[in-house]
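Chemist: Next come a sequence and a model predicted from it.
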Amino acid sequence: MSQGVQKIIKKLDGIASKHARFGLNLDHKYIRRRREETCSRPDTEIIGRDADLETIVGMLLNPVVQRDVSFTTIVGMGGLGKTALAQLVFKHEKIIKEFPLRLWTCVSDHDHSNLDVKTILAQIIESATGQKYNKFSLVVVVNRLQEVLAQGRFLIVLDDLWSESRDEWRKLVGHLVGCGSGCQVLVTTRSKETAKIVGNGLSYELKGLSFENSWHLFQMMAFEQVSSNCDVDLVKIGQDIVKKCANVPLAIRVIGALLYGQEKSKWVSIQESGLANLRDEKNGILPIIKLSYHNLESPLKSCFSYCSLYPKDFEIKKELLISLWIAQGYVVPLEKGQSIEEASEEYFSILLQRCFFQDVRKDESGEIVSFKLHDLIHDVAFEVAKKEICPASSFTGDVDKVVRHASLIRKQYASYSFTKSHIRTYLHIDKSYINSCAKETLVSILTNYKCLRTLDLSYLGIKTLPASIGKLIHLRYLDISGNPYMEELPNSIKKLYNLQSLNLNFCGRLKALPKDFSKLVNLRVLKLLGCDSLTCMPLGMGKLTDLYNLTKFVVGERNSSLKQHVELGGLKPLTKLRGSIVIDIYFSNCSVCVKDDTMREGGYIRDKEHLDKVRFECNHEGNNEGAADHEEKMLGYLQPHANLKELELVEYRGARLPRWGRNDTLATCLPNLAQLLLYDCSEIQCLPLLQKLYHLERLALVDLKKLEYVECQPATGSHEEDLQFLPCLEQLRLLNLPKLKAWCRRSMERVGGDDRSGSSEEPHQSSILLSQVKILKIEKCPELTSLLHCPKVETLQLHGFNERLQILKNHTSCLNLKEVETDNLAWLHSSLPMESFRSLTDLKLIYDKNVKSLTEFEQVFRACSSSLRSLNIGLCPKCLDQKNCIFGLDI
């Protein structure tokens, strides 16, 4: 026995010595986010490719051989930046002008030997129209594709093509030719053989960066800032490391991100780790990526490898992935007092900094929504996951006993057989919908997969969820969203004591949550958006004190036959809530909802400091006297925290906003407000003092039937000066405001300030300067005639407006105008100087019955002739046959 132990110890010592020699020692402290640097690869940070870009653009614009469709390839090893370069080409100004129709599709996850022609053609159609054609026959797909490509000269990018089958390629090409003249297909590939096959066209071999550009990129990734003040020793070590990265951008990014913030000893260990031998022709830079992976902490390794559940080039939703990490138990707090959600955000940031994630997409507030993995990064993730991951391409239902996580495709449900397994993840990765999933199939899943921690049953057409769901005692994440026929959940769901996340979004017929729902004390996420039939919240909601994401809370009784409902008091204990919430209030009578007198000063959600967005939806049943006053009082109890960024109020019937939203109180109570939406608040006549909302970026006023002024207080100022409002406002939408006269109530300039009601003289009003507005939409505002000075507007939509409306002062130019949609071309012609049309790219005319001939507006069309990419003339009877009269345009 002792000899056996000694052998094991000796073997472990040998492994440990190799581990240290190759610089794979674990960092004892997590890398903290100390910069905003990411590997999302914005255009401004693509270094050293200007010459390559101009060469490829020239090849596309001036092909050697003129064909109806020409083919060009960018070929090079993985990590050189072929996709990034193709994206620059795709967005190049000359390419945009030359090819009105530009389509992009990634084929990296297709079979390397056999090209799935129908799938690729369907992806091209989806790129153009947003419509999915995967389910249709090849004949239908080809016919639709020809309709799409017949619209004009096109550029199609096929990214990351692998197939070396000449026959398969010819089949694909056969469906692309004959659709036009002077069109182009740009292909990126690692295979030189593929480059030879592609249409016998032009090929551009992409090389590595110059040393100067490689070093500059490394500095950006590895140092706090690019300067000459960097540590001399680190510079010397870094330059040696850069040489060993063979000028491959991805390798440089990965290594640079790994070394950021590290001690000198770490730099030395990487330098001496045999990096020069890590790159070879067979594996490319995979060993370099693995080196970075091996320097992650164990939990981060698990989080990273879990991403291989998704196919290549898949847009992974950040919020979903984090929930899946938590469900698997991968995330542990990094410091005392840190929540599991905060820790998971830190995990994500670390992996993003280390360049494991890229191509991030953000929402309007700048928060990351989704991301992708580079295909080489994906290869490493799949390799290190070993056999624990069963991707959708391999799933049959009968999985290997070592598999722990499986992803699958809904449309292949009929071919699956579900046998006993110890899998912990059962996840759908496609967005297709199944009309009806057989009950026997559900029972089989729940019976054979007893160890599940993550279960995805979304969009399966489920009508009844089997009671056996309650036997999945390890379950932490359950997604039943998108099942519109499901009216109730089984009571057995209360037995899922470990459940942390429950997604019921868009279960439109779900009437109520089960009795004793409050027993799910570990629940942290409850999603109820689109549950429009939900009548009430269950009793005991206040016991779910770990909830941090609750998307909807129903207040009041929608159906009087349901005795059990929760009052506003159920919100008070939920102190950890963050993100956004919809508070759905049913005013069935005037005594409903509020019973706690101590909360009448707004204490129900005023302490929820992490809530970013609140949407109040007021629902009415019957015409109760005093209902408007009651709504005003009710909302007074629901004052949000001062940190709130977005506020939406829908179908409110009060004549004025609640006390925390009146006059200048709104700016005092919600000083950080960035978005304000008022929709169908039909009785509101007066808005709060908006001019003090200094952080407001988006304002939408929709269907306010009695509103006359946006600002009720009289405007003050001299005759000549502009009155500047809302210095951060970028988007303004004024829709269906039939009585709106002006932005501000006019200051009556009469002798002694007397407003002589009998006078017909129009008082002077200074122009309203909205200096940062980029998107302006005004629709059905027939009385609005005041001057809204928006010199930086880029997108302008005007319908059903008064011709006296002005958006520019004294005919100053609007040089940033890119998109215009209107039903009054004559106003556009007379109100905007011709200089404003020089950069116009999109013009849409909607049923302008007053237009007799487009020749009347020759100046407009000539002004935008060099920039206009899209012209849409909709339902203008007198214009439909005047295509040849549009001067200077190549349509």
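Modeler: Looks like it came in fine. Small disclaimer: the values here were computed from a predicted structure and weren't measured.
Chemist: Would you map the helices across the stretch 401-550 of the chain?
Modeler: Using DSSP state H, counting those that start in this stretch, the helices of the stretch 401-550 of the chain run over residues 439-448.
Chemist: ok now the strand or helix carrying residue 194, how far from the chain's centre?
Modeler: For residue 194, the host element (DSSP states H and E) is helix 192-197. Centroid displacement of helix 192-197 relative to its chain, using Cα atoms, centre = their mean, to the nearest Å, is 36 Å.
Chemist: helices or strands up against it?
Modeler: With contacts defined as 3 or more Cβ pairs under 8 Å, 6 or more residues apart in numbering; DSSP states H and E, helix 192-197 has these neighbours: strand 69-75, strand 183-189. (Glycine included, C-beta is placed from N, CA and C.)
Chemist: How far away from the center of its chain is the helix or strand just after that helix?
Modeler: Next helix or strand after helix 192-197 toward the C-terminus (DSSP H and E): strand 202-205. Centroid displacement of strand 202-205 relative to its chain, using Cα atoms, centre = their mean, is 34 Å.
Chemist: Over to stretch 771-780?
Modeler: With Cα atoms, centre = their mean, you get 23 Å for stretch 771-780.
Chemist: Can you list the buried residues in it?
Modeler: Within stretch 771-780, the residues scored as buried using 16 or more other Cβ atoms under 10 Å are 772-780.
Chemist: Can you show me the CA trace of the helix or strand containing residue 630 as PDB?
Modeler: Assessed by DSSP H and E, residue 630 sits inside helix 627-636. Written as PDB, here are the backbone C-alpha positions of helix 627-636 (Å, rounded to 0.1, in the frame of the first residue of the first chain):
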ATOM      1  CA  ALA A 627     -61.300  56.100 -10.200                       C
ATOM      2  CA  ALA A 628     -59.000  58.900 -11.500                       C
ATOM      3  CA  ASP A 629     -58.300  60.200  -8.000                       C
ATOM      4  CA  HIS A 630     -57.800  56.700  -6.800                       C
ATOM      5  CA  GLU A 631     -55.200  56.000  -9.500                       C
ATOM      6  CA  GLU A 632     -53.400  59.200  -8.600                       C
ATOM      7  CA  LYS A 633     -53.300  58.200  -5.000                       C
ATOM      8  CA  MET A 634     -52.300  54.600  -5.700                       C
ATOM      9  CA  LEU A 635     -49.300  55.700  -7.800                       C
ATOM     10  CA  GLY A 636     -48.400  58.000  -5.000                       C
END
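Chemist: Mind giving me the packing neighbours of it?
Modeler: By 3+ Cβ pairs under 8 Å, 6+ apart, helix 627-636 packs against strand 578-587, strand 610-620.
Chemist: deepest of the ones you listed, which one?
Modeler: Burial of the helices and strands packed on helix 627-636 is given as mean neighbour count (mean count of other Cβ atoms under 10 Å); strand 578-587 ranks first at a mean of 20.
Chemist: average model confidence for that one?
Modeler: Strand 578-587 shows an average pLDDT of 90 in the prediction.
Chemist: That strand: partners in the sheet, and parallel or antiparallel?
Modeler: As defined by DSSP bridges, the strand partners of strand 578-587 come to strand 552-555 (parallel), strand 610-620 (parallel).
Chemist: who touches residue 175 in this structure?
Modeler: 117, 121, 142, 145-146 (Cβ atoms under 8 Å, 6 or more residues apart in numbering).
Chemist: cutoff 7 Å now
Modeler: 121, 142, 145 (Cβ atoms under 7 Å, 6 or more residues apart in numbering).
Chemist: and the residues you listed as CSV, adding pLDDT?
Modeler: Converted to CSV, those look like this (pLDDT from 0 to 100):
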residue, pLDDT
121, 90
142, 89
145, 88
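Chemist: which among the residues you listed gets closest to residue 428?
Modeler: Nearest to residue 428 out of these is residue 121 (Cβ to Cβ; 24.3 Å).
Chemist: Next, count neighbours for the closest residue to residue 631 other than its chain neighbours.
Modeler: Closest residue to residue 631 apart from its sequence neighbours, by Cβ to Cβ, 6 or more residues apart in numbering: residue 654 at 4.9 Å. Using other Cβ atoms under 10 Å, residue 654 has 22 neighbouring residues.
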